[in-house]
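> sequence first, then the predicted structure, then my questions.
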Amino acid sequence: MLKIGLTGGIGSGKSTVAQLFERLGVPVIDADRIARELVEPGRPALKAIQAAFGSEVITPDGRLDRAKLRANVFADASARKTLEAILHPPIFAEMERRSRRCAAPYGLLVIPLLIETKAQDRVDRVLVVDCPEALQIERIRRRDRLPEELILNILASQASRAERLEAADEVICNTGNLRDLERQVEELHRFYLRLSGHAQPDPTAP
Ligand code: ADP
C-alpha cells in the first residue's frame, strides 16, 4: 500500500480531510487515535507516563488526565520530549503494523507531528493541509474553547507553516469552505490511485 502521510498544524483541518478520504473508501490510520488507545488504563505507556509525570496526571479512576498533561507539556519543552520518547516509538510501530494489514492501493497515515518527528521516511508521500495561523487559531478557539495562551503555546511547539510546506509533496489549501476541501480531496484521490497504479477509467474519455 502506498503510504500518504497527512500532516498540518493544529486546527488546519487534518481530521476533516481524513474523513473526506475515508468517505471515498481510503483506509485512515490516525496517530492521535492510536496514542489514545496506548494510554488506556493498564497499558504500559500509561504506567510510564505516571512514572515520569507523577500521579497528578492520573484521574481517581485510573485514566489519563489529558488537560493536566497538556498544560504540563506545552509549557515545558523538556517535559514534552519526555512524553514523546514514551509515546512515539509505540505509535509508529502500531501504524506500521496496521498499514501492513491494509490491502488498499493507498492509505492515509495521519501524523500531526510528521515534520517535527522527522517521519518523512516512514511514508511515501507527504500531504500537508495548509492555512494561515490566524485561521488555525480561530478554528481551535471555536472547536476546543482553549485559552488563547495555550493555543499559542501549542502553535509555537509545532513546525512552522514554511517548514511544513517545504516538506510537502502535495498541499491542500484549507482556506475555503468544505466544498472546496472536498474538491481537492477528490482530485488527490484520483492522483494517488494513478500513482499506485490503480487508475480508474475516465468515463468521459472518448
Ligand atoms: P485538525 O485535525 O487539523 O486539528 P480539524 O479538522 O479538527 O483540524 O478542523 C478544526 C476545526 O475547524 C473543526 O471544528 C472543523 O470542523 C473546522 N474546519 C476545518 N476545515 C474547515 C472548513 N474548510 N470550513 C469550515 N470549518 C472547517
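Thanks, I have it. Numbering: from 1, shown residues only.

> the helices in the protein, which residues?
14-23, 31-38, 44-53, 66-74, 77-101, 133-144, 148-157, 161-167, 178-195 (DSSP state H).

> for the ones you listed, which one ends up most surrounded?
Relative to the other members of those, helix 14-23 carries the highest mean neighbour count by mean count of other Cβ atoms under 10 Å, namely a mean of 18. Placement of C-beta: from N, CA and C, glycine included.

> I'd like the helices of the chain as JSON lines, with distance to the ligand and mean pLDDT appended.
Written out in JSON lines, the entries for these read as follows (distance: least, Cβ to the nearest ligand atom, whole Å; pLDDT from 0 to 100):
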{"stretch": "helix 14-23", "distance to the ligand": "3", "mean pLDDT": "98"}
{"stretch": "helix 31-38", "distance to the ligand": "8", "mean pLDDT": "96"}
{"stretch": "helix 44-53", "distance to the ligand": "22", "mean pLDDT": "96"}
{"stretch": "helix 66-74", "distance to the ligand": "14", "mean pLDDT": "89"}
{"stretch": "helix 77-101", "distance to the ligand": "16", "mean pLDDT": "95"}
{"stretch": "helix 133-144", "distance to the ligand": "4", "mean pLDDT": "93"}
{"stretch": "helix 148-157", "distance to the ligand": "10", "mean pLDDT": "89"}
{"stretch": "helix 161-167", "distance to the ligand": "12", "mean pLDDT": "97"}
{"stretch": "helix 178-195", "distance to the ligand": "5", "mean pLDDT": "98"}
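
> check contacts around the closest residue to T16 other than its chain neighbours.
On the basis of Cβ to Cβ, 6 or more residues apart in numbering, the spatially nearest residue to T16 that is not a chain neighbour turns out to be L181, at 6.5 Å. With contacts defined as Cβ atoms under 8 Å, 6 or more residues apart in numbering, the neighbours of L181 are G13, T16, V17, L20, I172, N174.

> compare the helices of the chain and give me the one nearest T59.
Ranking the helices of the chain by proximity to T59 (Cβ to Cβ) places helix 66-74 first, at 8.8 Å.
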